[in-house]
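Undergrad: Sequence and predicted structure below; questions after.
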Amino acid sequence: MAKDQVSEERSAQDDALGGGTGHESGREPGSGAGSEGGLPASLAEARVDPAVFELRPDYRALLVVVEGIRPAQSDADSEALLRRAEASVAELSKPIDEVPHVASWRAAYRGFGAKPQRTRNSLEALMRRAEKGLPRVNRLTDVYNAISVLHRIPLGGEDLDGYVGAPHLIRASGEEDFDTTASGQEVVEHPEVGEVVWCDDEGVTCRRWNWRQGRRTALHDGTTRALFILDGLEPVTDEELHAAADELVAQLSTGGEITSARRMLR
């Protein structure tokens, strides 16, 4: 069973953002409003840089923290969810790059200089993998990959215990560190100037908005506290982002009692 604080936190956040209708107040979230709503610091202090909204004014990030996850191998429930996701792609009547939210992300990537046919957004990458079969990793990863495909929303998962400070989305200076692997070796790379990247106080946690996650904060077989980032561009609505988060939390709660909290950045 999940103890989900979403209703209280959405209400408190909407009050702080003027009902969620004004971009300007939402771009300066501040920790004070989050503290009043009882949000964990990882959500209360999260932010999106104004330069990102200048690139895509329609962008929203729904951040969800889930604690109390029970590590588990892939099981019958996660297998059924993955099969549903694979079937949803097989039933498409149009090419994947013409799916509305995929097309929006391809345009967003071109907006900061990336070539979407070479570095695909996470939603498109998963949908293309679904054509031949999604990976089976562990229950946690299987669930969030399937939810991403089913709801047609890029969805990143991070191990919260690997985080230093709160997440923030910026356009890179090119000097930030990105901890990753290349040819089986641990290396530190740097994003391109102007690239949209998620960071914490230590460095980049995900490059090109939702393309490649870093090694330091990656989910693993022992993850019990996770941060999920659901990325939205038009035509996806706020309600659709929350519906994806609702199913994510519900699926993760089948393994035992969890707690969750969420916040929309806009």
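TA: Thanks, I have it. Bear in mind the structure is a predicted one, so any value in this text is a computation, not a measurement.

Undergrad: Give me the most central residue, the chain.
TA: Geometric centre of the chain, nearest residue: I229, 2.2 Å, by Cα atoms, centre = their mean.

Undergrad: which SS state does that residue fall under?
TA: Under DSSP: H, G, I helix; E, B strand; the rest coil, I229 falls in the strand class.

Undergrad: can you give me the strands for the stretch 101-250 of the chain?
TA: 155-159, 168-171, 178-182, 185-189, 196-199, 204-207, 212-213, 225-232 (DSSP state E, counting those that start in this stretch).

Undergrad: and the angle for the third one with strand 185-189?
TA: If I follow you right, that is strand 178-182. Per axes from the mean of the first three to the mean of the last three Cα atoms, to 10 degrees, the angle that strand 178-182 makes with strand 185-189 is 140 degrees.

Undergrad: For this protein, which residues score under the pLDDT cut-off?
TA: 1-37, 255 (pLDDT under 70).

Undergrad: The same query, at a cut-off of 50, please.
TA: 6-36 (pLDDT under 50).

Undergrad: sorry, back to before: my guess is the residue nearest to the centre of the chain contacts P167. True?
TA: Yes: at 7.2 Å, I229 counts as touching P167 under the criterion of Cβ atoms under 8 Å. (C-beta placed from N, C-alpha, C; glycine too.)

Undergrad: between the two, what contacts are shared?
TA: 63, 158, 198 (Cβ atoms under 8 Å, 6 or more residues apart in numbering).

Undergrad: Would you list the buried entries among those residues?
TA: Among the shared contacts of I229 and P167, the ones that count as buried by 16 or more other Cβ atoms under 10 Å are 63, 158, 198.

Undergrad: burial count for Q117?
TA: Residues contacting Q117 under the criterion other Cβ atoms under 10 Å number 10.

Undergrad: Any figure for the gap between it and R216?
TA: As judged by Cβ to Cβ, to the nearest Å, Q117 and R216 stand 29 Å apart.

Undergrad: What ranges does the chain have for its helices?
TA: 6-16, 23-26, 31-36, 41-44, 50-55, 76-90, 100-111, 122-130, 139-151, 238-252 (DSSP state H).

Undergrad: any idea how far the last one is from the chain center?
TA: In terms of Cα atoms, centre = their mean, to the nearest Å, the centre of helix 238-252 is set 12 Å apart from its chain centre.

Undergrad: Against which helices or strands is that helix packed?
TA: If contacts are counted by 3 or more Cβ pairs under 8 Å, 6 or more residues apart in numbering; DSSP states H and E, helix 238-252 sits against strand 2-4, helix 6-16, strand 60-67, helix 76-90, helix 139-151, strand 225-232, strand 258-265.

Undergrad: I would like the residues contacting it, please.
TA: By Cβ under 8 Å, 6+ apart, the list of residues contacting helix 238-252 reads 2, 4, 6, 10, 20, 60, 62, 64, 66, 69, 77-78, 81, 140, 143-144, 147-148, 150-151, 153, 155, 228, 230, 232, 258, 260, 262, 264.

Undergrad: Can you turn the buried part of those residues into a PyMOL selection?
TA: Filtering the contacts of helix 238-252 down to the buried ones (16+ other Cβ under 10 Å) takes a single PyMOL command:
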select buried, resi 2+4+6+10+20+60+62+64+66+69+78+81+140+143+144+147+148+150+151+153+155+228+230+232+258+260+262+264
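
Undergrad: just the strands of the stretch 101-250 of the chain: most buried one?
TA: strand 196-199 (a mean of 26; mean count of other Cβ atoms under 10 Å).
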